[in-house]
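> A structural model of the following input is requested.
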Amino acid sequence: MLNFVHDIPTKVYFGKGQISHLAEALMPYGKKVLLAYGGGSIKKMGLYDEVMKILKAEGCQVTELSGIAPNPRIESVREGVALCRAHEIDVILAVGGGSVIDCAKAVAAGFYYEGDPWNMIMNWDGDGRALPLVDILTISATGSEYDPMGVISNLQEQEKIGAVFCYPAVSICDPTYTFSVSAYQTAAGAADIMSHIFEGYFSKTEDSDLFEGIAETVLRSVMKNAPIAIREPENYSARANLMADSSIACSGIPEYGKEGTGWPCHAMEHQLSAYYDITHGVGLAILTPRWMRHILAKDPSVTPRFARFARNVMGLSGTDEAALAQAGIDALEAYFVSTGIPMSLGAVGIDRAHFSAMAAKACRGGRLSQGFVPLDETDVEAIFEACL
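Below you'll find the predicted structure:
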């Protein structure tokens, strides 16, 4: 078990009605608020009006940054930074899913950056300062409510980059705000949560017992509750468990004490959505079983890890570890299919035209050379091909 540091400064209000804490969360920072949100779903569900009522009651001056896309664009970050400077914003309030929160994080850090925010993102060039950020979460997927990372797309340059910006000061996580999330987005969000676990679970370190157990529990919880939420969108227990799973999965906690992996499926998926703007969780679901089969064939010494996954997560049994490992991967793929996720690149409109360029970008900087099973550009292209 390796050394680790626990430092998550975000205060989380979890559960039904926790928006009652919004005013006390915002007021320590000031009354000039940038309200960031996406395509208007918060207005349809009545959350926008609820938020505005609270802000007006507190005498806040509200500036809006709307239209933030599911794969948030650098254009929205630039617009947000300009609005913050023009209106001397004190605090950012992000209301939405991970994309809205990611964009708000980049705006918060970009406020203090001299130059184009894209340079800050590409070079991880911020100085650590950021405007205070409060969020109200409306979808269970990315875990952005509980970590400092954000992922921003530049479609003109066909780039999608993750960087460290800032932790939210406060996150309000009310599962009832996820009742209106569609079955498709619920399934995609569940796949995203699971991928956050997989990226650290398949590590060379095998004796971090507590955190291995947390990782396996999150996976089982997602696989139990996502189908329920898909069938019964207003099932509070299922939605609450998925929301808690989302926060923990990307918090870093399940990876404590473990050797890093480079997060290979995220490295590959960021290329898919940078070039084709697909739903992130769908891309991860398509890639994950193919990545698993590829590394298992490349390095059979990892068979025991996959057999453990098959037993402890997928609930399978058997004494033939090689057969069990393959059966676990097959069962995972069948689970994704059962939730309605399209399981090929062709099904989401992607062909092999850019595989070589995408593989090169996924591997740049040697990111995937020190993973659970090291990958190079040839490996990544082969995984993309297997996804067709």
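> what count of nearby residues applies to Glu385?
13 (other C-beta atoms under 10 Å). For every residue, glycine as well, the C-beta is placed using N, CA and C.
> now the spatially most central residue of the chain. Nearest residue, chain neighbours left out?
Centroid-nearest residue in the chain: Thr142, 2.5 Å away (criterion: C-alpha atoms, centre = their mean). With sequence-adjacent residues excluded and distances taken as C-beta to C-beta, 6 or more residues apart in numbering, Thr142 is closest to Gly98, at 2.7 Å.
> go on, Glu199?
Trp263 (4.3 Å).
> can I assume that neighbour is in contact with Ile197?
No - the criterion here is C-beta atoms under 8 Å, and Trp263 misses it with Ile197 at 11.3 Å.
> the two: who's more crowded?
A count of neighbours by other C-beta under 10 Å puts Ile197 above the other of Trp263 and Ile197, at 23 against 20.
> so what's the more buried one up against?
By C-beta atoms under 8 Å, 6 or more residues apart in numbering, the contact set of Ile197 is 215, 218-219, 249, 254.
> quick revisit: and what about the residue nearest to the centre of the chain, helix, strand or coil?
Under DSSP: H, G, I helix; E, B strand; the rest coil, Thr142 falls in the coil class.
> need the phi and psi values for it.
Dihedral pair for Thr142: phi -80, psi -20, per degrees, to the nearest 10.
> give the contact list for it.
Here Thr142 is in contact with 97-99, 101-102, 192, 246, 250, 280 (C-beta under 8 Å, 6+ apart).
> just Val134 next, same as before
22, 25-26, 29, 91-94, 168-172.
> just the C-alphas of whichever helix or strand it is part of, formatted as CSV.
With elements delineated by DSSP states H and E, Val134 resides in strand 133-137, which encompasses its position. Coordinates of each C-alpha in strand 133-137 appear next as CSV, following Å, rounded to 0.1, in the frame of the first residue of the first chain:
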residue,chain,number,x,y,z
LEU,A,133,-17.4,28.1,-6.6
VAL,A,134,-20.7,26.7,-5.3
ASP,A,135,-22.6,24.1,-7.2
ILE,A,136,-26.1,22.5,-7.3
LEU,A,137,-25.8,19.0,-8.9
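> between the two ends of stretch 295-311, how far is it?
Start-to-end span of stretch 295-311 (C-alpha to C-alpha, to the nearest Å) is 19 Å.
> please disregard the earlier target; I meant stretch 175-187.
End-to-end span of stretch 175-187 (C-alpha to C-alpha): 16 Å.
> how about stretch 220-239?
Terminal residues of stretch 220-239 lie 15 Å apart, using C-alpha to C-alpha.
> over to stretch 157-177?
Taking C-alpha to C-alpha, the first and last residues of stretch 157-177 lie 34 Å apart.
> if we can go back for a sec, how far away is the residue nearest to Glu199 from Glu269?
Separation of Trp263 from Glu269 (C-beta to C-beta, to the nearest Å): 10 Å.
> contacts only, for the closest residue to Ala249 other than its chain neighbours.
Nearest residue to Ala249 in three dimensions, chain neighbours excluded: His196, at 4.0 Å (C-beta to C-beta, 6+ apart). By C-beta under 8 Å, 6+ apart, the residues touching His196 are 143, 249-250, 254.
> recalculate using a threshold of 7 Å.
Listed by C-beta atoms under 7 Å, 6 or more residues apart in numbering, the contact partners of His196 are 143, 249-250.
> among the residues you listed, who's most crowded?
Counting neighbours by other C-beta under 10 Å, Ala249 comes out on top of the contacts of His196 with 32 neighbours.
> close enough to count as contact, that one and Gly143?
Yes - the pair Ala249 / Gly143 is scored as a contact, 5.6 Å apart, by C-beta atoms under 7 Å.
> for the residue of the chain most remote from its centre, give me phi and psi.
Distance from the C-alpha centroid of the chain, by C-alpha atoms, centre = their mean, peaks at Thr319 (35.3 Å). The phi and psi values for Thr319, taken as degrees, to the nearest 10, are phi -100, psi -20.
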